[in-house]
Structure formats: structure tokens, C-alpha cells
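Student: the following block contains a protein sequence and its predicted model.
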Amino acid sequence: MHEFDEEISRRDTGSLKWDRRKDLDPLWVADMDFASPTEVIFALQDRVKHGVFGYAVPHQGLINTLQSYLKERMKVEVPEEQLVHLGGLVPALSLAARAFGEPGDAVMTCAPIYPPFLGIHKDALMESISVDHIQTGGLIKTWTFDWDKMEASVTPKTKIFVLSNPQNPLGRVFTAGEITQLAEFCEKHDLILLSDEIHCDLILDESSTPHFSALNLPEPLRKRTITLLAPSKTYNIAGLGYAFAVIPDDTLRRKFNAVKGHTLPEINCLAYYAAEAAYRHGEEWRQDLLSYLNKNRDLLTKTIRTRLPKAQVPHIEATYLAWIDCRELGLESPMKAAEEAGLFLSDGAFFGHPGCLRINYGTQTARLSAALEKFVVAMGGEEK
Ligand SMILES: Cc1ncc(COP(=O)(O)O)c(C=O)c1O
């Protein structure tokens, strides 16, 4: 069993999460407070030891590893030419907007959503159409798509639908039925389905909520998809900058690659080697991480549901991010209240839903527990 309880000080390490507001306890941006798998650290050390850091290319070991990953994880055979290597996933979202839209066209998504999804249209002088997710079910509700509203909102100028699956910040793992229906919606309205699956290896109970990738769609639907993947969230190597796209259709891939132009820097050699090591050797570590995150998720949901019954926490199926709807708590600004209690959380306003907060529970349980105590009191709950 790997060790996740050890607190590793990240202050003054140039960490965005820890060094932006040194006066606050950070549970915001999506990276975890855990060291990466030792195999990743060793791969980086080995490459550093070589001492020469000229321009890099994706080496054959990485390509083979990505293909094996796609085969094992998604059950798909992907020829090398369908892979597009990227220095980050967000630039790929922006590239897609510029590749498939003209000024005046629209990018569609559903909110609440990872903030760049609500901003990439600007890079292509496009419009943004955002339809809110809706909740169905009984006491603990499930977030899903509002198909009727989506039909009513899509326009002939809409060119792209941007999907986060698993969903950040709601923690939903969409079913095969939902993804197929979404792809059919895209086909009906001639949209490119841009499927960001960066969180797909962070599904907390894969037996009850398996990942259904856009790559698993039947052929006619798959042709209009761009699937974006990365080892960065799962193995905590976001700062190294590596992601990749799978673009099965030649024409789409050519267009996507063409707009890169001279806008992207070369990917660094360390990122390639870390990505290879993570996918190749990280599985045991990942399973232990998921057990740890499951416990943190349970602690968080139980604490908030019992002590802040008016706040809503969805059933979190994936990610280490918890979406808390604080709108019924009667606070003028939940974000400000959290800050006054010394916590740095993510403000729902950036995700399209003011009055909600996102808590990153990818941290040591003891630290999470202490932060939750502060959170409950800040949101008007009783002290323990
Ligand atoms: C859905 C989603 N896509 C993309 C990213 C960031 O990707 P990258 O760091 O490769 O740009 C994140 C980070 O939180 C995310 O949640």
C-alpha cells in the first residue's frame, strides 16, 4: 500500500496552489498534495542525469505505452498517426475552437463547468452557448444533461460541443447512454464533439460507474470526435505539461494540426518520460490512490450532509473535486465566508454558478478533516 498520509510541505516551492495566497489554506486548483509514483520520479531523475536537454520528440517507448493504455483502458486500437501530442489540454481546447469555428460561430457546453470551457470561444472570436446541467432523482440527485434546453439553445452557427467526462466540477461519470445521446445530438446539429477525458482514470468505483470514452462510440459518431487525455491529473504531474489528443478522422486531424501554426512551444523531454512512466508503471499506485480518495470523498460528503444539511453535495463518482451548492445557506458570499475562515477554495462563479464552491480533497485526510471543520463553521454550521 502506498503512503498518502505524509504531509509534504509545498509552500515556497513555486506551487500555484500553495504560493498564490500564502495567508490561506489552499483546497482550490486541481492538483493533489501527494508525491507522484516513485517510477515517475526515477524516470525524471534518469533523464535529468543525462544532462542534455535539447528539443525533444515523443520517443517510441511513449508511443507504445499510449497505444497499450488506450487498448487496455478504452479497448481501442489507435494507430500512431491518430495521436496528437500536446503540451497541455487547455491549449488544445482553444486550438479546436480556432480550427472548427469562424468568428460569429458558437461553442456549446453545459454548466457548471471547468472555467476554460466558458472562455475558449473568445480565442476564436466565437460566441458561447452554455446550458445548465439538471438534477434528476430522489434525495441524492444525479446531474445530467437538459436535452430539451440543449435542443432549444443550439443554433445553426454552433460548431463544437465541449464535454468534460468525468465531469469537473460535478464528479459525474456519464453513462454509455448519455454519451451516445450526446454524440447523436452532435451529429444531428453537425457539431464536433470535443471530449475532455482528463479525469477518466480518477473514477472512484469503476465497477458501478465505468468510463465510456468518446472513442467507444460507434464509427459514424466517432468520426466527429476529438478525445483529449493526459496522465497529469491522475499521477499529479500537471506542472510538467503533457496531454494528447486522439483524432480518428484524417480531415479533422489535419485541420486541428494546421491551426497550431507557430503558436505552441515544443513539449519538453521530461514531460514525455514522466508520461511514459506514469502510464507504464503507475497502476498499483493509482489503485491505492483511488482507495485513499474514496475515504476522503466519504469523509467530506458525510461531514457536509450531516452538519450542513442545507448545502448540497452530489454523489461524487470521480475526480478529487467536490461541488458544494451553498445557495440555501443564507450567506451573502460563501466564497468570502470561506476565505474569512482561512480557506482558499474555488469560486463557483468561475464555473458559471455563483453561490457554489469547489473543494479539492486530493490531500492528506488529517488536513482535509481540519479544513472541513473550518468550512462547516464558516458556512453557519455548529462547531464540533
Ligand atoms: C476538465 C479539465 N480539463 C483540462 C484541465 C487542465 O489541463 P492542462 O493542465 O493539460 O491544460 C483540467 C484541470 O483541472 C480539467 O479539470
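Tutor: Here it is on my side, so go on. Residues are numbered from 1 along each chain as shown.
Student: switch to C-alpha atoms for all contacts and neighbour counts from now on
Tutor: OK.
Student: next one: the longest helix along the chain to chain centre, how far?
Tutor: Of all the segments of type helix in the chain, defined by DSSP state H, the longest one is helix 283-307. The chain centroid and the centroid of helix 283-307 are separated by 17 Å, computed with C-alpha atoms, centre = their mean, to the nearest Å.
Student: which SSE is immediately downstream of it?
Tutor: Past helix 283-307, heading to the C-terminal end, the next element that is a helix or strand (DSSP states H and E) is strand 321-325.
Student: near the ligand at all, that next one?
Tutor: No. Strand 321-325 does not reach the ligand (C-alpha under 6 Å from any ligand atom); its nearest approach is 9.2 Å.
Student: next SSE downstream of that strand?
Tutor: Once strand 321-325 ends, the next helix or strand along the chain (criterion: DSSP H and E) is helix 334-340.
Student: so how far is that next one off the chain centroid?
Tutor: Computed by C-alpha atoms, centre = their mean, the chain-centroid distance of helix 334-340 equals 24 Å.
Student: against which helices or strands is that helix packed?
Tutor: Judged by 3 or more C-alpha pairs under 8 Å, 6 or more residues apart in numbering; DSSP states H and E, helix 334-340 is in contact with strand 356-360, helix 365-378.
Student: now the helix or strand following it, how far from the centre of its chain.
Tutor: Per DSSP H and E, the first helix or strand lying C-terminal to helix 334-340 is strand 343-344. The chain centroid and the centroid of strand 343-344 are separated by 21 Å, computed with C-alpha atoms, centre = their mean.
Student: against which helices or strands is strand 343-344 packed?
Tutor: So strand 343-344, by 3+ C-alpha pairs under 8 Å, 6+ apart, packs with strand 25-26, helix 365-378.
Student: quick revisit: and the longest helix of the chain, what's buried?
Tutor: Within helix 283-307, the residues that qualify as buried by neighbour count (16 or more other C-alpha atoms under 10 Å) are 285-287, 289-290, 292-294, 296-297, 299-301, 303-304, 307.
Student: ok, back up a step: export the helices and strands packed on helix 334-340 to CSV and tack on mean neighbour count, mean pLDDT and distance to Arg73?
Tutor: Written out in CSV, the entries for those read as follows (neighbours: other C-alpha atoms under 10 Å; pLDDT from 0 to 100; distance: least, C-alpha to C-alpha, whole Å):
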stretch, mean neighbour count, mean pLDDT, distance to Arg73
strand 356-360, 24, 98, 25
helix 365-378, 18, 98, 29
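Student: for the ligand, find the nearest of the ones you listed.
Tutor: strand 356-360 (10.4 Å; C-alpha to the nearest ligand atom).
Student: partner strands of the closest one, with direction?
Tutor: For strand 356-360, sheet partners with direction are given as strand 321-325 (antiparallel), strand 346-347 (antiparallel), following DSSP bridges.
Student: dump these to CSV, plus mean neighbour count and mean pLDDT.
Tutor: Supplementary listing: the strands paired with strand 356-360 in CSV, determined by neighbours: other C-alpha atoms under 10 Å; pLDDT from 0 to 100:
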stretch, mean neighbour count, mean pLDDT
strand 321-325, 22, 98
strand 346-347, 20, 98
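Student: could you report the neighbour count for Lys71?
Tutor: 13 (other C-alpha atoms under 10 Å).
Student: can you check Pro218 too?
Tutor: Residue neighbour count, defined by other C-alpha under 10 Å, stands at 11 for Pro218.
Student: thinking again about what came up before, what about the ligand: which of the buried residues of helix 283-307 touch it?
Tutor: Among the buried residues of helix 283-307, proximity to the ligand is found for none (C-alpha under 6 Å from any ligand atom).
Student: Met1 is nearest to which of the helices and strands packed on strand 343-344?
Tutor: helix 365-378 (15.8 Å; C-alpha to C-alpha).
Student: which other helices and strands contact that closest one?
Tutor: helix 283-307, helix 334-340, strand 343-344.
Student: okay if I get the helices and strands packed on strand 343-344 as TSV plus distance to the ligand?
Tutor: Compiled in TSV, the helices and strands packed on strand 343-344 are given as follows (distance: least, C-alpha to the nearest ligand atom, whole Å):
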stretch	distance to the ligand
strand 25-26	15
helix 365-378	19
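Student: including distance to Ser153, could those go into CSV?
Tutor: Below are the helices and strands packed on strand 343-344 laid out as CSV (distance: least, C-alpha to C-alpha, whole Å):
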stretch, distance to Ser153
strand 25-26, 37
helix 365-378, 37
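Student: now do the same for Phe244: helix, strand or coil?
Tutor: Secondary structure for Phe244, judged by DSSP: H, G, I helix; E, B strand; the rest coil, is strand.
Student: ok, it - how many residues close by?
Tutor: Other residues lying near Phe244 total 20 when counted by other C-alpha under 10 Å.
Student: next: Asn168.
Tutor: What Asn168 shows, counting by other C-alpha under 10 Å, is a neighbour count of 28.
Student: can you pull the pLDDT of it?
Tutor: In the prediction, the pLDDT value recorded for Asn168 is 98.
Student: go ahead and confirm it touches Leu321.
Tutor: Yes. At 7.3 Å, Asn168 counts as touching Leu321 under the criterion of C-alpha atoms under 8 Å.
Student: what's the local residue count around Gly261?
Tutor: When neighbours are counted by other C-alpha under 10 Å, Gly261 registers 9.
Student: show me where pLDDT drops low in the stretch 101-250 of the chain?
Tutor: Counting by pLDDT under 70, the low-confidence segments of the stretch 101-250 of the chain come to 140.
Student: the ligand contacts on that one?
Tutor: Checking the stretch 101-250 of the chain against the ligand by C-alpha under 6 Å from any ligand atom, the hits are Tyr114, Ser164, Asn168, Asp196, Ile198, Ala238, Ala243.
Student: can you check those and name whichever has the most neighbours?
Tutor: These, ranked by neighbours (other C-alpha under 10 Å): first place Asn168, 28 neighbours.
Student: quick one, what contacts that residue?
Tutor: The contact partners of Asn168, taken as C-alpha atoms under 8 Å, 6 or more residues apart in numbering, are Ile113, Tyr114, Thr319, Leu321.
Student: closest one of those residues to Leu95?
Tutor: Using C-alpha to C-alpha as the measure, the one of the contacts of Asn168 that approaches Leu95 most closely is Tyr114, at 16.9 Å.
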